[in-house]
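Participant: Sharing a model prediction with you, sequence too.
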Amino acid sequence: MLSRSKPQVAHPPLLLLLPNKQTNGIKTASFAMTIFKSILVLLLPLKAMACGLDWNEPVSHFENVDYQGNVHIVRKLGEVEKLPIYLIFNSSHGISPYAGSGFEMPFLESRIWQVDENRFQMKSPSGWLWVFQRTKDPNVLEGNAGWKGLIKDDTFTVWAPCGDKIAFRKGRIVSMQIKEDKFDYAYKNNLVENIWKNGQVILEVKGDAKSGEVTGIELPRSRETISWKQARLYPRIETVGTTRVVTRLDSTLTEVEKTDETNETFDFSLDDQKINPTLKIGNRLITWSSTTKTIISDEGWVYDIKREKDYFANAEIGRKNAKGQSECWHDDALNGKSFVQGIDRVEKVRTRFTTGVLAGQPRAETQTIGAAVVFEKRFIYDDKGTLVRIHERTSEESDTGAKSKHTDLVKVFETNGGNVGWTTPENMGSIGLISDGKQIAISSGNQTSNYLISTNKY
């Protein structure tokens, strides 16, 4: 076991900071921010839209596939102080100093890095991704869901409006604040040695004394252990001349024992053509491209991945099976449009605003089967960006043909300053009588309340 020590300054590799060109920095930042605000509302698994850190599993639309079409497998190994510890395999990952090739443990490996002159990306301790953008002051950052950031020398500090905060030094996590609890990371030889919560050790990293290889973690307060084994089984495939060949086998995690004492194995190999890696977990076999790292097949599904050029853009992901069934998903953040088509042949399209006061807010939703529109929803806002009305139309097939049902929800508030609510025009009489500021009475059971109708501009 690695020795216990109090938190000290970490010395991981230096985070590269590209210079912000002062001659055109404001112009560049302003232009990039227009694009960036669209990107902030996208990203899977750049979800992380709730205030504070998101501790749910960092997954995307399709199981075992991330938003760019890479193999993405998440396993919860246990909890420390009610916070989940995830193990993630991703076909685009490099080599983790804790779990080997292809894997990472974000609770230990949370980090921030620079993507280009004005943009940064953060991997949170739960595995979700955040995006940050320089503002007019190049040392001040703006991120997802109201997160902010500050650069000072080799230290990044990022925080949420509700108080969660993470500090990084030279790119790697050194502390985080979650509500009233402070977590500090102690490093030794560029690896996390232990993690402290409010002055007490809550996690210790275990290692083999001879090889120096990490073999697991201990949770002293719960007296639990998470252990794993590594072996040189991960195929590193490269081009030699014109042929793709296995040039070496990298060390990777092959077996893990969770806190509930259940075991899971990861068996790496090659496909029948010996050109693409495979991963077998139980009876499930997953194959991905050795060149693009994107998924090829998984449990009867064959994938078609169309990637965008932008670093942050989501891929268009389609898949088919032997039964002739197909599914598709794409979230085009820059243009504010997402598309999902399921096995039931229903195509769902959602649009959202990408600029101005409504950036990120929903614009409309439609569902179609073939050429037939079966559902529509429109969101109506006032000039201050407040949602004031929702209009829905549903089409149903019957013996006498297609029928449409229209539903309006109008925003109202109590005249005595009570809670805002939604009601239908039927509760207020004819839709033609609806006008901004009109006082109405709505009865529910034996109780009648007075309301004012809010702005309902189309």
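Facilitator: Thanks, I have the structure now. Residues are numbered from 1 along each chain as shown.

Participant: Please count neighbours and contacts with C-alpha atoms only from this point.
Facilitator: Will do.

Participant: Mind pulling up the pLDDT for L43?
Facilitator: According to the prediction, L43 has pLDDT 42.

Participant: which residues of the stretch 151-300 of the chain score low on pLDDT?
Facilitator: Scanning the stretch 151-300 of the chain for pLDDT under 70 picks out nothing.

Participant: how does this structure divide up, domain by domain?
Facilitator: Structurally, the chain divides into domains by automatic domain parsing as follows: 25-306, 316-453.

Participant: quick one, helices of the stretch 1-150 of the chain?
Facilitator: 25-39, 106-109 (DSSP state H, counting those that start in this stretch).

Participant: mean pLDDT for those helices: which is lowest?
Facilitator: Lowest mean pLDDT of these: helix 25-39, a mean of 40.

Participant: who touches the longest strand that the chain contains?
Facilitator: Secondary structure of the chain per DSSP state E: the longest strand is strand 224-240. Strand 224-240 is contacted from outside by 77-78, 99-101, 215-219, 244-259, 268-270, 275-277, 290, using CA atoms under 8 Å, 6 or more residues apart in numbering.

Participant: Buried ones among those?
Facilitator: Among these, those buried by neighbour count (16 or more other CA atoms under 10 Å) are 77-78, 99-101, 215-219, 245-246, 250-259, 268-270, 275-277, 290.

Participant: roughly how far apart are V240 and K293?
Facilitator: Noted for V240: a distance of 18 Å to K293, by CA to CA, to the nearest Å.

Participant: More neighbours: those two, which one.
Facilitator: Neighbour count, other CA atoms under 10 Å: between V240 and K293, K293 has more, with 19 against 10.

Participant: residue contacts, that one?
Facilitator: Residues in contact with K293, defined by CA under 8 Å, 6+ apart, are N70, V71, S91, S92.

Participant: can you rerun that using 10 Å?
Facilitator: Q68, G69, N70, V71, N90, S91, S92, H93, N276, P277, T287 (CA atoms under 10 Å, 6 or more residues apart in numbering).

Participant: Return the distance of it relative to S91.
Facilitator: 6 Å.

Participant: what's the overlap in contacts for those two?
Facilitator: G69, N70, V71, P277, T287.

Participant: Which residue, other than its chain neighbours, is closest to the fourth one?
Facilitator: Nearest in space to P277, with sequence neighbours left out and distances taken as CA to CA, 6 or more residues apart in numbering, is L270 at 4.5 Å.

Participant: Do I have it right that the one you found meets V246?
Facilitator: Yes. Judged on CA atoms under 10 Å, L270 makes contact with V246 at a distance of 9.4 Å.

Participant: joint contacts of these two?
Facilitator: Y234, P235, I237, N276, P277.

Participant: burial measure for the third one, as a count.
Facilitator: I take that to be I237. I237: 21 neighbours (other CA under 10 Å).

Participant: who's it bridged to?
Facilitator: V246 (DSSP bridges).

Participant: about what we covered before: deepest in the core, which of the domains of the chain is it.
Facilitator: Most buried of those by mean neighbour count (mean count of other CA atoms under 10 Å) is domain 25-306; its value is a mean of 18.

Participant: and that one, how far out from the chain's middle?
Facilitator: 11 Å (CA atoms, centre = their mean, to the nearest Å).

Participant: any idea which element E193 lies in?
Facilitator: If you go by DSSP states H and E, E193 is part of strand 191-197.

Participant: quick check: angle from the helix or strand following that strand to strand 191-197?
Facilitator: Next in sequence after strand 191-197, counting helices and strands by DSSP H and E, comes strand 200-207. Strand 200-207 and strand 191-197 meet at an angle of 160 degrees, taking axes from the mean of the first three to the mean of the last three CA atoms, to 10 degrees as the criterion.

Participant: Give me the next element, helix or strand, following strand 200-207.
Facilitator: By DSSP H and E, the next helix or strand past strand 200-207 is strand 214-219.

Participant: neighbouring strands for that following strand, and are they parallel or not?
Facilitator: Assessed with DSSP bridges, strand 214-219 is paired to strand 200-207 (antiparallel), strand 224-240 (antiparallel).
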